[in-house]
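Participant: Requesting a structural model of the entry that follows:
(chains A and B)
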Amino acid sequence: MAKRPRDEQTTWKSSRLNDPRIRGWLAQAAVLAILIAAIVYGIYNVSHNLTKAGITTGFTFLGHPAGFDISQTLIPYSSRSTYADAFVIGLLNTLLVSFLGMVSATFLGFFLGVIRLSPNWIVAKMAEAYTEVIRNIPLLLQVLFWYLAILSPLPGPRAALNLGDAFFLCNRGLQIPRPVFGENFAATPLALLAAIVLAVVISRWARRRQLKTGRPFPSLSCGLALIVAMPLIALAATGFPLHWEVPELSGFNFKGGITVLPELIALWLSLTLYTATFIGEYVRSGILAVDKGQREAAYALGHRPWMTYRLIIIPQAMRVVTPPLISQYLTLVKNSSLAVVIGYPDLIHVFAGTALNQSGQAVEIISITMAVYLFISLVISLVMNWYNKHYALRGQ
Amino acid sequence: MPQTWQPKPPTPSPSYSTGWLGWARKNLFSSPGNALLTLLSLAVLLATLPSMLRWGLWDATWLGDSRKVCDSAAQDGSAGACWVFIKVRLEVFLYGFYPEAQRWRVNFTLALLGLAALPILAPTLLRGTLRQTLFALAAALLMLATFGMPCAIFTACYLLLPLALPPLVRQRPFLELFAGRLAGVSAGLFLTALAATLLYFAAGQAGGGGAAGPIAVTGAILVVFLIFVGRLTASAWRWILLFTVYPLAGFFLLVGEVFGLPLVETHFWGGLFLTLVVAGTGMATALPIGILLALGRRSTLPVIKTLCVFFIEFVRGVPLVSVLFMASVMFPLFLPENVTFDKLLRALVGIAFFYAAYMAEVIRGGLQAIPKGQFEAAMALGWPYWKMMALIIMPQTLRLVIPGLANNVLSLLKDTTLVAVIGLLDLLGVAKASMADTEWLGFTKEAYIFAALVFWVFCFAISRYSVYLEKTYHTSQHYN
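Facilitator: This is a model prediction of the structure:
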């Protein structure tokens, strides 16, 4: 191979700008510089605009009296309470509707997913039709439909729909009886707690014994019996210190009982119906993802269909179903912010709506609101990581 | 004589296992439990469907043009739906408060979009130059019949340009005319500047006004593609036109104030038209930003990577409502005084960045599925990063993530309804506003069911189309 002349080598020496590493650092420095300049400029504008509007920045406003009423308060609140109280109320309301929605959507979703795989043609088709219809209609439209088209035109309290003399549905919401706890009622929840602990202990012991000796123990029915019986016994032993305050019509409104706001009902209902279609699809695909051989092997071993489902199919399907299920819960929490359009007092409506309009602290309030949602999603993704680490399918 | 064995004809299946009876036995009444389930479902259907159909179809009022028709029908005892309400308000549902005399502009913009997108969406339908030319001419004739001469000429030019350009630049003429690289580049830049200047003055002369600058910039972009990129196929040119010329034309057609079109401010926009504008611009901007974010997240540059990760995770952790609130309440504070942004534009920016984060995650999933060999082969050939991404990696990635992208497009379309939160009147907002009309109180159900039907048709069509796309682009190769 001919040796390359020295002068040609020097001409090949190229500019440093062609070094990808140096180019990378230059590009990053440029991006960073632009970003910092934009942030500084923005902050300058914010402080300028705020001083002009006479708004003091900072979080001291949280201690000031809020001066507005909230229609649903899970903890005591009056118009003299502070902005911080209003924030807590809004957050609790968001968590309430999210929790209710998660529970009911999970049940309905699992039901839908299972019956879509039913060998019964008409049942499977009905579930499919429901899924295709509800999934393709915006959630906001459904919320408004339930609220404005179904619940608002209901009759007033005097002509309320009477459901068994204890529940009344009218345009002011659903009136439900309120439990009134007497003396020594605390024994009942304690008994329930003890029963749950006992049931867990029994199921662990039963499992160990079955692994060791092969003899099964009906731990599920035993545990359920304990959980039902023990609080009842405690209730009876303390002389039933519980009665129900039934709502009654007096004048133009109901007295006594608890009022479930129509906003809450509309939001809960639409979140449930909408989210359940997605959960149903996950459940269906999870069950379909379990290899056919698993079921056949279980039948070959002589398991009955129900036991095959419980012991073979569902545990394996759950591994596939759980990650999207958890992220669907996160979506549900975020979707609960649609409350703002019908005036359900959730975090966005109370805090980013009313409180923001009253105080004018846009930057602080929006930041806090977003931080709350970020925190919730962080918690949920931590749960997901934990789950993936312990249960997810590894390898093939 | 030997006896031949005559096989008996096979016994037919028992009558209860064939035909509809057999089908019903197998699928509806296979066990007592199933039979019970079937009867229960039939009971549920019988209890709900007839009354719904009676309300929505048979007892409904279809004819007439005032509230009296519905009221008299209600007095007769048949309390069905009042579709007259929708019929009377249909224009508002479709166009919002866009001035009636100017609505042809909306129609033309949407029709042009359909014609421009058809060859892209259904490539097999219009294969070959002859068919495409005929299609362009037919489209121009259609436009001539409905919107008049200028629209027809514009449509014809728009649709024929992608066909005319590839033969024109088969050889990358401008770069190869000159021996040295520098001379070629400078000549190209000179030509670009010349074209832009010419366009600027031509547009100004024709009454372009505020549009002259954007027109010149768009022209310059096209000339840059023509000179520096050169050999592109007709379908590539279609994409380029869709992302340069079409938005320009659409924007000035809808907003106006140029070429003799009166100004229509965005607070007159509404109805289905606004929904489509928000969804269309949202998709068209979120996808490119999402691709950039996904590439940034997989970049080896630490600063870029960190920024992209933070942005994506932040956006995915908060609800769209709060992003829209931020765009409408907090964002104006970050601007200098006297600078105001249009409300619609703020919502569009919020939605675009919000969905870009979701698209980025979908695309990142696709990028991870591309085998390393594809990257390495491109790098071994000495291809620069962007060329590798645009021509090797992204085509494979996007093909892989069609279902995920379609899901995002669907939720984007459904989430356009949230712009109502900041006071824009999309289809849902118009439906809600029209209920407040004192002449038509009490037809809430009709308005919402109509809006739901429209959304459902769009969403269902998109989901079917994504299935079609998946099948079309499905490649049977499996990576190892």
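Participant: show me the contacts for the most centrally placed residue in chain B.
Facilitator: The centre of chain B sits closest to B:G280, judged by C-alpha atoms, centre = their mean, with a distance of 4.6 Å. Contacts for B:G280 (C-beta atoms under 8 Å, 6 or more residues apart in numbering or on different chains) come out as B:L113. Heads up, the C-betas are built off the backbone N, CA and C, glycines and all.
Participant: Quick one: the helices in the stretch 51-200 of chain A, in order.
Facilitator: Taking DSSP state H, counting those that start in this stretch to define them, one finds helices in the stretch 51-200 of chain A at A:83-116, A:121-135, A:139-144, A:187-213.
Participant: Minimum distance to B:M389: which of the ones you listed has it?
Facilitator: Closest of the helices of the stretch 51-200 of chain A to B:M389 is helix A:121-135, at 33.9 Å (criterion: C-beta to C-beta).
Participant: Next, see if that closest one gets close to chain B.
Facilitator: Yes: Helix A:121-135 reaches chain B (C-beta under 8 Å from any C-beta of the partner chain) through A:W121, A:I122, A:V123, A:M126, A:E132, A:V133, A:R135.
Participant: Give me the contact list for that helix.
Facilitator: With C-beta under 8 Å, 6+ apart, helix A:121-135 has contacts from A:112, A:115-118, A:142, A:273-274, A:277-278, A:280-281, B:27-28, B:37-38, B:41-42, B:44-45, B:456, B:459-460.
Participant: about what we covered before: name only those of the residues of helix A:121-135 next to chain B that count as buried.
Facilitator: Those of the residues of helix A:121-135 next to chain B that meet the buried threshold are A:W121, A:I122, A:V123, A:M126, A:R135, by 16 or more other C-beta atoms under 10 Å in any protein chain shown.
Participant: hmm, stretch B:340-348 touching chain A?
Facilitator: No: using C-beta under 8 Å from any C-beta, stretch B:340-348 stays clear of chain A, with a minimum separation of 12.2 Å.
Participant: Show me chain A divided up by domain.
Facilitator: Using automatic domain parsing, the domain ranges for chain A come out as A:83-149+A:261-391, A:183-241.
Participant: Any idea how far apart the tips of the last one sit?
Facilitator: Read it as domain A:183-241. Distance between the boundary residues of domain A:183-241 (C-alpha to C-alpha, to the nearest Å) amounts to 6 Å.
Participant: picking up where we left off before, now render the helices of the stretch 51-200 of chain A as a markdown table, adding mean pLDDT.
Facilitator: Below are the helices of the stretch 51-200 of chain A laid out as a markdown table (pLDDT from 0 to 100):
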| stretch | mean pLDDT |
| --- | --- |
| helix A:83-116 | 91 |
| helix A:121-135 | 91 |
| helix A:139-144 | 92 |
| helix A:187-213 | 89 |
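Participant: Nearest residue to B:R298 in space, please, no chain neighbours.
Facilitator: Among residues not flanking B:R298 along the chain, B:L367 sits closest, at 5.9 Å (C-beta to C-beta, 6 or more residues apart in numbering or on different chains).
Participant: I figured that neighbour was touching B:L398, is that so?
Facilitator: No: using C-beta atoms under 8 Å, B:L367 is not in contact with B:L398; the gap is 10.2 Å.
Participant: which of those two has more neighbours?
Facilitator: Higher neighbour count among B:L367 and B:L398: B:L367, with 21 against 16, using other C-beta atoms under 10 Å in any protein chain shown.
Participant: can you give me the strands in chain A?
Facilitator: Taking DSSP state E as the test, the strands found in chain A are A:161-163, A:167-170, A:173-176, A:178-181, A:242-245, A:248-250, A:253-255, A:258-260.
Participant: Output these in CSV, with distance to B:L112 appended to each entry.
Facilitator: Shown next, in CSV, are these (distance: least, C-beta to C-beta, whole Å):
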stretch, distance to B:L112
strand A:161-163, 53
strand A:167-170, 51
strand A:173-176, 50
strand A:178-181, 62
strand A:242-245, 66
strand A:248-250, 61
strand A:253-255, 58
strand A:258-260, 51
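Participant: what separates A:N93 from chain B, distance-wise?
Facilitator: According to C-beta to the nearest C-beta, to the nearest Å, A:N93 stands 15 Å off from chain B.
Participant: hang on, that residue packs against A:G343?
Facilitator: No: in this structure, A:N93 is not within contact of A:G343 by C-beta under 8 Å, at 11.5 Å.
Participant: Those two: who's more crowded?
Facilitator: A:N93 (27 against 15).
Participant: what's near enough to touch the more buried one?
Facilitator: Contacts of A:N93 were listed using C-beta under 8 Å, 6+ apart, and they are A:Q72, A:L74, A:A339, A:Y344, A:P345, A:D346, A:L347, A:V350.
Participant: rewinding a little: can you say which of the helices of the stretch 51-200 of chain A is packed in most?
Facilitator: Using mean count of other C-beta atoms under 10 Å in any protein chain shown, the stretch among the helices of the stretch 51-200 of chain A with the largest mean neighbour count is helix A:139-144, at a mean of 24.
Participant: hmm, that one in reach of chain B?
Facilitator: Yes: residues of helix A:139-144 are located near chain B by C-beta under 8 Å from any C-beta, namely A:L139, A:L140, A:L141, A:Q142, A:L144.
Participant: which other helices and strands contact that helix?
Facilitator: Judged by 3 or more C-beta pairs under 8 Å, 6 or more residues apart in numbering or on different chains; DSSP states H and E, the packing partners of helix A:139-144 are helix A:262-289, helix A:339-342, helix B:427-435, helix B:444-472.
Participant: I'd like the residues of helix A:139-144 next to chain B laid out as a markdown table, including distance to A:S78.
Facilitator: A markdown table is the format used below for the residues of helix A:139-144 next to chain B (distance: C-beta to C-beta, whole Å):
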| residue | distance to A:S78 |
| --- | --- |
| A:L139 | 33 |
| A:L140 | 32 |
| A:L141 | 36 |
| A:Q142 | 34 |
| A:L144 | 31 |
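Participant: with these in mind, which one is nearest to chain B?
Facilitator: Nearest to chain B, judged by C-beta to the nearest C-beta, of the residues of helix A:139-144 next to chain B is A:L140 at 4.3 Å.
Participant: where does the chain have low pLDDT?
Facilitator: The chain I'm using is chain A. Scanning chain A for pLDDT under 70 picks out A:1-14, A:392-396.
Participant: Wait, chain B was what I had in mind.
Facilitator: B:1, B:77-78, B:169-181, B:208, B:230, B:474-480.
Participant: quick one: B:R364 and A:R116, what's the gap?
Facilitator: Relative to A:R116, B:R364 is positioned 31 Å away (criterion: C-beta to C-beta, to the nearest Å).
Participant: ok, residues contacting stretch B:442-460?
Facilitator: For stretch B:442-460, the external contacting residues (C-beta under 8 Å, 6+ apart) are A:132-133, A:135-138, A:141-142, A:144-145, A:148-149, A:152-153, B:56, B:70, B:81-83, B:85-86, B:93, B:272, B:410, B:413-414, B:417, B:427-428, B:431-432, B:434-435.
Participant: how does it look with 7 Å?
Facilitator: A:133, A:136-138, A:141, A:144-145, A:148-149, B:81-83, B:85-86, B:272, B:410, B:413-414, B:427-428, B:431, B:434-435 (C-beta atoms under 7 Å, 6 or more residues apart in numbering or on different chains).
Participant: Filter those residues down to just the buried residues.
Facilitator: A:136-138, A:141, A:144-145, A:148-149, B:81-83, B:85-86, B:272, B:410, B:413-414, B:427-428, B:431, B:434-435.
Participant: Please list the residues of the stretch 101-250 of chain A that sit near chain B.
Facilitator: Within the stretch 101-250 of chain A, the residues that sit near chain B (C-beta under 7 Å from any C-beta of the partner chain) are A:119-123, A:126, A:133, A:136-141, A:144-145, A:148-149.
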